[in-house]
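In: Sequence first, then the predicted structure, then my questions.
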Amino acid sequence: MSKLKIAIQKSGRLNEDSLRIIKDCGISIDNGKDQLKAAARNFPLEVFYLRNGDIPQYLRDGVVDVAIIGENVLVEKGEDISFVERLGFSKCKVSLAVPKGQEYKGMEFFDGKKIATSYPNTVKKYLTKRGVNTDIHLINGSVEIAPNIGLADGICDIVSSGSTLFKNNLKEVEVLLTSEAVLAVSSRISDEAQAILNKLQFRIKSVLKGRNSKYVLLNAPDEKLDEIISVLPGMRSPTVLPLAEKGWSSVHSVISKNEFWEIIDELKEKGAEGILVCPIEKMVV
Ligand SMILES: Nc1ncnc2c1ncn2[C@@H]1O[C@H](COP(=O)(O)OP(=O)(O)OP(=O)(O)O)[C@@H](O)[C@H]1O
Ligand SMILES: O=P(O)(O)OC[C@H]1O[C@H](OP(=O)(O)OP(=O)(O)O)[C@H](O)[C@@H]1O
Ligand SMILES: [Mg+2]
């Protein structure tokens, strides 16, 4: 029987969340520390543990069918590779930064200047498109230190909380792109592997929808029910069940994480009591 070959980062920021999403899809894999390849026990999936930066080429060559990888790496090294799902973790930006004390009025600042980065293609494409010529200095790590040691005038690197920029006395001046982990697919994927991917994707979608929603249970006096129900979305509509105590009902609904606190505040205002909020493991719609 054929298997879907998936690449995930061997170690680093994407590794844990990638393994978790596979596990949350109900797929068990042996995660031996130094293994480079592992098979799933209950799904036709083979996991390859690889370096992030190598993954685009493996996808291109069809050595793996799919991969969990940062969108930023695809922009840098795999513009020809498409992805089918945004996975909601490892959210970050790729940005240009300069020393805090520098006056920055616009991109022309970088004309004729030196930029240190691990993302040469991304920087070059962004600045050339805007008519700015720069000297790119490629370094693979600790990029933020470059201006302080006189290696470059500015840097381009990943920014998330901004604390690395802050610690190195730099300020973000241009956001080149925003990124998160995605499920990328090889253009050489076989029909059999594609059929398995469809099943995996269906599971991933259910997991992601579950992660983005909360199950809410509350008690409401019957005379307030209509008002309370009007603020609750629910998958189709809220469930209403009578409580043992006369004149009261229990209302169950699903709320998106984004609007969660606003809806909870409104529910309390409208007379809801005993509000319980539970995580949703999977949401199949
Ligand atoms: N500070 C951060 N916050 C959020 N996401 C990040 C952050 N730093 C990196 N990422 C995301 O995680 C991915 C992996 O980063 P990480 O630093 O673990 O690996 P790497 O050094 O780029 O790759 P390799 O696997 O080749 O060592 C990045 O490509 C980016 O998408
Ligand atoms: O805005 P922040 O939250 O500070 O995150 C940004 C930092 O995170 C990443 O480095 P990482 O910790 O992965 O180290 P690395 O350079 O060794 O990959 C990235 O290269 C930045 O330096
Ligand atoms: Mg890193």
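Out: Right, received. Where do you want to start? Source: prediction; values computed, not measured. Numbers count the residues shown, from 1 in each chain. Ligands and ions are numbered 1, 2, ... in the order given.
In: residues near residue 185, how many?
Out: 21 (other C-beta atoms under 10 Å). Any C-beta I mention is one placed from the backbone N, CA and C, and that applies to glycine too.
In: ok, what's across the strand from it?
Out: residue 66, residue 82 (DSSP bridges).
In: right, and it touches residue 200 too?
Out: No: contact criterion C-beta atoms under 8 Å: residue 185 and residue 200 do not qualify, at 10.9 Å.
In: Pull up the overlap in contacts between the two.
Out: residue 66 (C-beta atoms under 8 Å, 6 or more residues apart in numbering).
In: Give me the distance between the two termini of stretch 229-240.
Out: Start to finish, the residues bounding stretch 229-240 are 9 Å apart (C-alpha to C-alpha, to the nearest Å).
In: got the buried residues for it?
Out: Neighbour counts using 16 or more other C-beta atoms under 10 Å place 229, 231, 232, 238, 240 of stretch 229-240 among the buried residues.
In: Equivalent analysis for stretch 64-75, please.
Out: Buried residues in stretch 64-75 (16+ other C-beta under 10 Å): 64, 65, 66, 67, 68, 69, 70, 71, 72, 73, 74, 75.
In: Need the three-state assignment for the nearest residue to the fourth one once chain neighbours are set aside.
Out: In this structure, residue 67 finds its nearest non-sequential neighbour in residue 7, 3.9 Å apart by C-beta to C-beta, 6 or more residues apart in numbering. Using DSSP: H, G, I helix; E, B strand; the rest coil, the secondary structure recorded for residue 7 is strand.
In: didn't residue 7 look like it was pressed against residue 58?
Out: Yes: between residue 7 and residue 58 there is a contact under C-beta under 8 Å: 5.8 Å.
In: joint contacts of the two?
Out: Shared contacts of residue 7 and residue 58 (C-beta under 8 Å, 6+ apart): 48, 50, 64, 67.
In: out of those residues, which are inside strands?
Out: Within the shared contacts of residue 7 and residue 58, residues falling in strands by DSSP state E are 48, 50, 67.
In: got the residues of the stretch 51-200 of the chain near ligand 1?
Out: 51, 52, 53, 70, 72, 73, 90, 92, 158, 160, 179 (C-beta under 6 Å from any ligand atom).
In: Among those, which pair sits farthest apart?
Out: 51 and 160 (20.3 Å; C-beta to C-beta).
In: who's in contact with the one residue in the stretch 51-200 of the chain that gets nearest to ligand 1?
Out: Nearest to ligand 1 in the stretch 51-200 of the chain, going by C-beta to the nearest ligand atom, is residue 70, at a distance of 2.2 Å. By C-beta under 8 Å, 6+ apart, the residues touching residue 70 are 14, 52, 90, 92, 179, 180, 181, 182.
In: how does it look with 7 Å?
Out: 14, 52, 90, 179, 181 (C-beta atoms under 7 Å, 6 or more residues apart in numbering).
In: And for residue 17?
Out: By C-beta under 7 Å, 6+ apart, the contact list for residue 17 reads 89, 90, 181.
In: any idea how far the residue of the stretch 51-200 of the chain closest to ligand 1 is from ligand 2?
Out: Using C-beta to the nearest ligand atom, to the nearest Å, we find residue 70 at a distance of 11 Å from ligand 2.
In: Helices of this protein, start to end?
Out: When secondary structure is read from DSSP state H, the chain shows helices at 15-24, 55-61, 71-77, 120-129, 163-167, 191-211, 225-230, 260-269.
In: With distance to residue 108 and mean pLDDT as added columns, please give those helices in a markdown table.
Out: Output for those, formatted as a markdown table (distance: least, C-beta to C-beta, whole Å; pLDDT from 0 to 100):
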| stretch | distance to residue 108 | mean pLDDT |
| --- | --- | --- |
| helix 15-24 | 39 | 96 |
| helix 55-61 | 32 | 97 |
| helix 71-77 | 23 | 97 |
| helix 120-129 | 10 | 96 |
| helix 163-167 | 21 | 98 |
| helix 191-211 | 42 | 97 |
| helix 225-230 | 54 | 92 |
| helix 260-269 | 43 | 92 |
